[in-house]
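[1] Okay, structure incoming, though there's no sequence with it:
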């Protein structure tokens, strides 16, 4: 009689592990095609075209302290590399639009900012950490993925990766 609850418990653990593995496997990673953003009906204006652009796709939230730290760095990167064909698309995941707007009042951004109000893109991409970002090459392939933001260390990685992609 006691083996049945144990067996059910072990089965539940196994199935839970499989579900977790499938979730992880579904996450966007280097080598994948970048998602087409148009079908997700993001709030805000996307660039007319990303053809032949190097794109930093950054997922962020107003409540995220590392996101707050990353905004001045992204602003700097956009100004430095934008003329060479670099574009940042910052995708906000806040449920409340006012939270995003309040954040943007304090953290100016000249790069593209849109909101994934229904979190469909976040779900598709498999974002689990804020911020998470993906560097996409001119052909639309994800080349680098980042979770979190670690100040100067992340800035240095971004610069090296962006420069390598702009040269191609």
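    Okay, I see it. Because the structure is a prediction, the values reported are computed rather than measured.
[2] could you pull out the strands for the protein?
    Using DSSP state E, the strands found in the chain span residues 54-60, 86-92, 112-115, 132-136, 142-147.
[3] Would you mind saying which of the ones you listed lies nearest residue 102?
    Minimum separation from residue 102 across those (CB to CB) falls at strand 86-92, 11.4 Å. Where you see a C-beta, it was placed from the backbone N, CA and C, and this is true even at glycine.
[4] could you check the angle strand 132-136 makes with that closest one?
    On the basis of axes from the mean of the first three to the mean of the last three CA atoms, to 10 degrees, strand 86-92 is oriented at 150 degrees to strand 132-136.
[5] which neighbours does strand 86-92 have in its sheet, and in what orientation?
    Using DSSP bridges, the strands paired with strand 86-92 are strand 54-60 (parallel), strand 112-115 (parallel).
[6] still on that earlier bit, so which of the strands of the chain is nearest residue 122?
    strand 54-60 (6.3 Å).
[7] Buried residues, the closest one. List them.
    For strand 54-60, the neighbour count (16 or more other CB atoms under 10 Å) marks 54-60 as buried.
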